[in-house]
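the following comprises the amino acid sequence and a computationally predicted model.
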Amino acid sequence: MKEAPKYLKRRKRMVAEQLEGRRIVNQRVLDAFLAVPRQLFVNSEDQSKAYHDQPLRIAAGQTISQPYIVALMTQLLNLQGEEKVLEVGTGSGYQTALLAHLAGEVHSIELHLELVKQAKATLSSLGLENVRVYEGDGSHGLPDEAPFDAILAAAAAPRVPQPLLDQLTNGGRLILPVGDAQQQVLQRWVRYGDKFNFEDVVPVAFVPLRGEQGWSKEGWEDSRDT
Ligand code: SAM
């Protein structure tokens, strides 16, 4: 991929200041961030902001998350390179591309067809071949492809969806935001046989997870008012 030199410069600065500067220490994660051109995943009018320390609007009223949060979630998955990964909420496909650099196989599911089409086009322009993007409700996972060594959901669920836990391998990790329109926390779940351990990591602010295991429009709006 050819890109203007200014983007590589900005990417290096983003990695040094926003990620290394905030205790993102996993070298494979940092290398993946250096390899993926974030400017390709944002709206064309936002390209100059692609490396800013903030989330940005993308199509279908959704967002591409702040780079640091993407890095933190990715680091928490502790990927070694061979894993089969499920991502719920493809959005722009930026995190999908990072996961493709870090794992063996990535399955990513997105509710909005418009985003699915855009993400597929961007990911294939980068020659990433270990990724499959699906249109649909990922709140109950992707049973046909389960089990997964790692699952990452990039939208806030009202509570951890049991189907996602059930689709983890033994030792598998699930990272997701849980909460409502006012308050959310990033959770890390790990499966040990029939048991699941979890920890709260940091407060976050994500768009709602929709679908069967997610928020209804009314439920999300009500949580804003209470
Ligand atoms: N990580 C993405 C990126 O790098 O661009 C950003 C993801 S965005 C914060 C969350 C995405 O989850 C949105 O695109 C939204 O449409 C999607 N989403 C919400 N509920 C979903 C569901 N039940 N199944 C699949 N995708 C869902």
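Cool, the structure landed. Residues are numbered from 1 along each chain as shown.

so does the longest strand along the chain get close to the ligand?
Longest strand in the chain by number of residues, with DSSP state E as the criterion: strand 168-179. No. Counting by Cβ under 6 Å from any ligand atom, the ligand is not contacted by strand 168-179; separation bottoms out at 9.0 Å. Every residue, glycine included, has its C-beta placed from N, CA and C.

how many neighbours does Glu212 have?
Around Glu212 sit 11 other residues, with neighbours defined as other Cβ atoms under 10 Å.

list the contacts of it.
For Glu212, the contact set (Cβ atoms under 8 Å, 6 or more residues apart in numbering) comprises 137, 139-140.

and the ligand, which of those contact it?
Near the ligand, by the rule Cβ under 6 Å from any ligand atom, you find 137, 139 out of the contacts of Glu212.

going by neighbour count, which of the contacts of Glu212 comes out on top?
Of the contacts of Glu212, with other Cβ under 10 Å as the count, Ser139 tops at 23 neighbours.

residues of this protein that sit close to the ligand?
Near the ligand, when you scan the chain using Cβ under 6 Å from any ligand atom, you find 62-65, 70, 88-89, 91-92, 94-95, 109-112, 115, 137-139, 154-155, 206-207, 209-211, 214.

ok, now how distant is Arg224 from Ala154?
Arg224 sits at a distance of 20 Å from Ala154 (criterion: Cβ to Cβ, to the nearest Å).

okay, those two: which has more neighbours?
Taking other Cβ under 10 Å, Arg224 and Ala154 do not tie; Ala154 has more neighbours (28 against 9).

name the nearest residue to that one, sequence neighbours excluded.
Gly89 (3.9 Å; Cβ to Cβ, 6 or more residues apart in numbering).

what about that neighbour, how many residues nearby?
27.

ranges for the helices of this structure?
Counting by DSSP state H, the chain has helices at residues 5-14, 27-35, 67-77, 94-102, 113-125, 162-166, 217-225.

and those as JSON lines, adding mean pLDDT?
JSON lines is the format used below for the helices of the chain (pLDDT from 0 to 100):
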{"stretch": "helix 5-14", "mean pLDDT": "97"}
{"stretch": "helix 27-35", "mean pLDDT": "98"}
{"stretch": "helix 67-77", "mean pLDDT": "98"}
{"stretch": "helix 94-102", "mean pLDDT": "98"}
{"stretch": "helix 113-125", "mean pLDDT": "98"}
{"stretch": "helix 162-166", "mean pLDDT": "98"}
{"stretch": "helix 217-225", "mean pLDDT": "93"}
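
ranking those by burial, who's on top?
Comparing the helices of the chain on average neighbours per residue, with mean count of other Cβ atoms under 10 Å, the densest one is helix 94-102 at a mean of 25.

who does that one touch, helix- and strand-wise?
Helix 94-102 sits against helix 27-35, helix 67-77, strand 84-88, strand 105-110, helix 113-125, strand 131-135, with contacts defined as 3 or more Cβ pairs under 8 Å, 6 or more residues apart in numbering; DSSP states H and E.

can you check what angle separates it from strand 84-88?
Relative orientation of helix 94-102 and strand 84-88, computed by axes from the mean of the first three to the mean of the last three Cα atoms, to 10 degrees: 180 degrees.

if we can go back for a sec, quick check: pLDDT value at the residue nearest to Ala154.
Note on Gly89: pLDDT of 98.
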